[in-house]
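Chemist: sequence and computational prediction follow.
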Amino acid sequence: MIDWLTTTVFGKFITTFAISMLPVVELRLGLPYGIAQGLSYPLALAAAVLGNMIPTPFIIVYIRRIFSWLRAHWPALNGLVTRLEKKADTKGETIRRYGFWGLIILVAIPLPGTGAWTGALAAAFLNLRLREAIPAIFIGVCIAAAIMTCLTFGVIHVF
């Protein structure tokens, strides 16, 4: 039924885009997935960057309200919300110290616990405006994409 997701270029693009939207894995998994599925590097790169960027403005604008709603309606998730807030505060130290460049660095490093979702979460809790945070997050995502493209290219050609 959904064979087109794995057989057509459009399906592979959409799947790469969707994987790159997910927290934690983001484009760090989406980009290698797209390339492994046979997408050209430029198409996989475009799908991964676009997918990674789509959630960021929504996170920056709405995450505090979402956390507040979760605390009020699902008290069982209070521990998770508290951990996410602490993570944002910890990662926010880099941004407080280095400002715009700190946010770029936080997003650009392709390691667990970094990325666009974490950068957007930290930006939200630091009350950064969209026009300040989005360019830094986008630059960081592009740097992370370049790093992941190089790593993926290297791994494919080594094996």
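Modeler: Received, thanks.

Chemist: quick one: buried residues of the one helix or strand Ile59 maps to?
Modeler: Secondary structure assignment for Ile59, by DSSP states H and E: helix 55-73. By neighbour count on 16 or more other Cβ atoms under 10 Å, the buried set for helix 55-73 is Pro55, Thr56, Ile59, Ile60, Ile63, Phe67, Leu70. Just so you know, the C-beta spots here come from the backbone N, C-alpha and C atoms, and that holds for glycine as well.

Chemist: now the two most distant members of those residues.
Modeler: Thr56 and Leu70 (19.5 Å; Cβ to Cβ).

Chemist: so where's the chain uncertain?
Modeler: Filtered on pLDDT under 70, the chain yields the residue ranges 1-6, 155-159.

Chemist: can I get the strand or helix carrying Trp101 as PDB, trimmed to CA atoms?
Modeler: For Trp101, the host element (DSSP H and E) is helix 100-108. Extracted in PDB, the C-alpha atoms of helix 100-108 (Å, rounded to 0.1, in the frame of the first residue of the first chain):
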ATOM      1  CA  PHE A 100      24.300  33.900  18.600                       C
ATOM      2  CA  TRP A 101      27.400  31.900  18.100                       C
ATOM      3  CA  GLY A 102      26.700  29.700  21.100                       C
ATOM      4  CA  LEU A 103      23.300  28.800  19.600                       C
ATOM      5  CA  ILE A 104      25.000  28.000  16.200                       C
ATOM      6  CA  ILE A 105      27.500  25.700  18.000                       C
ATOM      7  CA  LEU A 106      24.900  24.000  20.100                       C
ATOM      8  CA  VAL A 107      22.900  23.100  17.000                       C
ATOM      9  CA  ALA A 108      25.800  22.400  14.700                       C
END
